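Student: model the structure of this input:
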Amino acid sequence: MSTLVTQYIDSDSSAQQYAQQCRGSTIIAVDTEFERSRTFYAIPGLIQLAVEGQIGLIDPLSVSVESYKSALLDPASLKLMHACGEDLELLYRLCGAVPEPLFDTQLAATYAGFRPQMGYQGLVKEMLGIDIPKHQTRSDWLQRPLSDDQIEYAALDVLYLEEIYQGLMARLQKLDRLDWVKEDCHLLVVKGRREILARDYYRHVGNAWQLLPRQLAILKVLSEWREEEIRRIDIPRSFLISDALLLDIVRQKPNSKSKLSNISGFKPGILRRYGDLLLAKMEEAEIAGDDHLPIPVLEPLLKAVPSVAKKLKVVIRANAEKFDLPPEVLCRKKLLEALMTCYVKSAASGDDIQLPEEFKGWRSDVVLEPLIELLDAHQGELKRFVVGDAR
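Tutor: Next comes the predicted model:
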């Protein structure tokens, strides 16, 4: 069993020394603690690293990232993380790059036969028989000094990752699924480098597909402004204008501040500060020529053609059962929607289908062919959807 040897690092010199010790390591366990309740960007509170049981707890409030990011970004070391989505987002903003190569133990555990989305504590319990306390999960990681309980909790979060990794490797090799995990971990890295552009956010607003072309133009202008502003002043979307409120504004199209104020949920302070600007942007979108209308948002196909969606899900479940895997491992809902969208776009353009990245690897051998065959069989039902640059 691993031994808890912890070093709290709160100076550039000690961080540089620890990063130097990490150099040449084949495996580095990584975790982060952060705060994000009142900001758009996560505020790092602690960076945890572990190499051969030697744990470094780096204080990012006191230490320059330049003094330790070489350890995080060393391409020669495999970075072990658990449920790494938010950690990658934070580290990408902090370091300007995503740590790679990467091995996500939560993802790997699912492929190895454990229940989906298993937490770190649960996996440690099942694989190693060790109970880890959870009482610091919602702790304030920006307070200083950190408590002894916080220090212990943070250290334990990386202490067992290498032991878990070794156990998962054995299971995955026996199941012949190690390459699957490597492919999907690489996709996590690729996605970790992506950020939704402010100008494209309108496509991610729920029910945007229901809007008329001119309404969509207004939504695009307002959402682009909102995204730029919340990132500039670093606050959550809902602190300024939520997606739901954006849709209400677009649908009601108020032409005065008094009408803006009548929209439920519109905060008086936001009205005073931004009301005139919002009205001006709405007018700008209203009078823009048709050639400036945004690319339409496709109706969610899982809802639009439920009979086809149901048959696709049957195919996914049947193939998942062959491998004794949860269906969402083969093709989660969001990925199935993406595949259907790509298929419809190719049918409309006459071009070859541009597959989602997930279907360019092992899934292409396991489940893609029957899904495409089923889509081909229902092509007539899907042709009514207009996508791409159609106005």
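
Student: any weak-confidence spans in this structure?
Tutor: Within the chain, the stretches with pLDDT under 70 are 1-3, 136, 386-391.

Student: quick one: the strands in it?
Tutor: All strands of the chain, identified by DSSP state E, fall at 5-9, 27-35, 43-51, 54-58, 78-81, 102-104.

Student: tell me the gap between the shortest one and the middle of its chain.
Tutor: This means strand 102-104. Averaging C-alpha positions (CA atoms, centre = their mean, to the nearest Å) puts strand 102-104 15 Å from its chain's average.

Student: sorry, back to before: mind putting the strands of the chain into JSON lines with mean neighbour count?
Tutor: (Glycine included, C-beta is placed from N, CA and C.) As requested, the strands of the chain are exported to JSON lines (neighbours: other CB atoms under 10 Å):
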{"stretch": "strand 5-9", "mean neighbour count": "18"}
{"stretch": "strand 27-35", "mean neighbour count": "22"}
{"stretch": "strand 43-51", "mean neighbour count": "23"}
{"stretch": "strand 54-58", "mean neighbour count": "23"}
{"stretch": "strand 78-81", "mean neighbour count": "24"}
{"stretch": "strand 102-104", "mean neighbour count": "22"}
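
Student: what's the end-to-end length of stretch 229-240?
Tutor: Using CA to CA, to the nearest Å, one end of stretch 229-240 lies 9 Å from the other.

Student: thinking again about what came up before, which of the strands of the chain sits closest to G265?
Tutor: Among these, strand 27-35 comes nearest to G265, with 25.7 Å by CB to CB.

Student: give me the sheet partners of the closest one and which way each runs.
Tutor: Sheet pairing of strand 27-35 (DSSP bridges) gives strand 43-51 (antiparallel), strand 78-81 (parallel).

Student: could you list the residues in contact with the first one?
Tutor: Applying CB atoms under 8 Å, 6 or more residues apart in numbering, the contact partners of strand 43-51 are 18, 21-22, 25, 27-36, 55-61, 68, 71-72, 90, 94, 141-142, 146, 154-155, 157-159, 161-162.

Student: follow-up on the earlier one: T110: which of the strands paired with strand 27-35 is closest?
Tutor: strand 78-81 (14.6 Å).

Student: okay, the strands paired with strand 27-35 in a markdown table with distance to F323 next?
Tutor: Below are those laid out as a markdown table (distance: least, CB to CB, whole Å):
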| stretch | distance to F323 |
| --- | --- |
| strand 43-51 | 32 |
| strand 78-81 | 24 |
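
Student: hmm, back to that, I218 is nearest to which of the strands of the chain?
Tutor: Closest approach to I218 among those is made by strand 43-51 (33.2 Å; CB to CB).

Student: how many neighbours does the nearest residue to R363 once chain neighbours are set aside have?
Tutor: In space, not counting the residues next to it along the chain, R363 is nearest to L330; the distance is 6.5 Å by CB to CB, 6 or more residues apart in numbering. L330: 24 surrounding residues under other CB atoms under 10 Å.

Student: I'd guessed L330 sits against W362; true?
Tutor: No - in this structure, L330 is not within contact of W362 by CB atoms under 8 Å, at 9.7 Å.
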